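> could you work out the structure for the sequence below:
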Amino acid sequence: MHHQKFVTSMRACHLHKITKSVQNIAFSST
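Below is the predicted model of the structure:
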């Protein structure tokens, strides 16, 4: 059960990084 929560938080962090990098790329190209 604890492992599931860890995986979820890792995935959320990874998703956040992707979102940030995508925003940075979009900001740079503008």
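> for the helix or strand hosting M10, give the mean pLDDT please.
Using DSSP states H and E, M10 sits in helix 2-29. Mean per-residue pLDDT for helix 2-29: 91.
> number of nearby residues for S29?
Neighbourhood size, S29 [other C-beta atoms under 10 Å]: 6. For every residue, glycine as well, the C-beta is placed using N, CA and C.
> nope, H3 is what I was after
H3, neighbours per other C-beta under 10 Å, totals 7.
> distance of it from A26?
35 Å (C-beta to C-beta, to the nearest Å).
> then K5?
Where A26 is concerned, K5 sits at a distance of 31 Å (C-beta to C-beta).
> got the CA positions of stretch 16-29 in PDB?
What follows is stretch 16-29, C-alpha atoms only, in PDB (Å, rounded to 0.1, in the frame of the first residue of the first chain):
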ATOM      1  CA  HIS A  16       5.200  18.000 -13.200                       C
ATOM      2  CA  LYS A  17       8.700  18.100 -14.700                       C
ATOM      3  CA  ILE A  18       7.400  17.300 -18.200                       C
ATOM      4  CA  THR A  19       4.800  20.100 -17.800                       C
ATOM      5  CA  LYS A  20       7.400  22.600 -16.800                       C
ATOM      6  CA  SER A  21       9.800  21.600 -19.600                       C
ATOM      7  CA  VAL A  22       6.900  21.900 -22.100                       C
ATOM      8  CA  GLN A  23       6.000  25.300 -20.800                       C
ATOM      9  CA  ASN A  24       9.600  26.400 -21.000                       C
ATOM     10  CA  ILE A  25       9.800  25.200 -24.600                       C
ATOM     11  CA  ALA A  26       6.600  27.000 -25.500                       C
ATOM     12  CA  PHE A  27       7.800  30.100 -23.700                       C
ATOM     13  CA  SER A  28      11.100  30.100 -25.600                       C
ATOM     14  CA  SER A  29       9.500  29.600 -29.000                       C
END
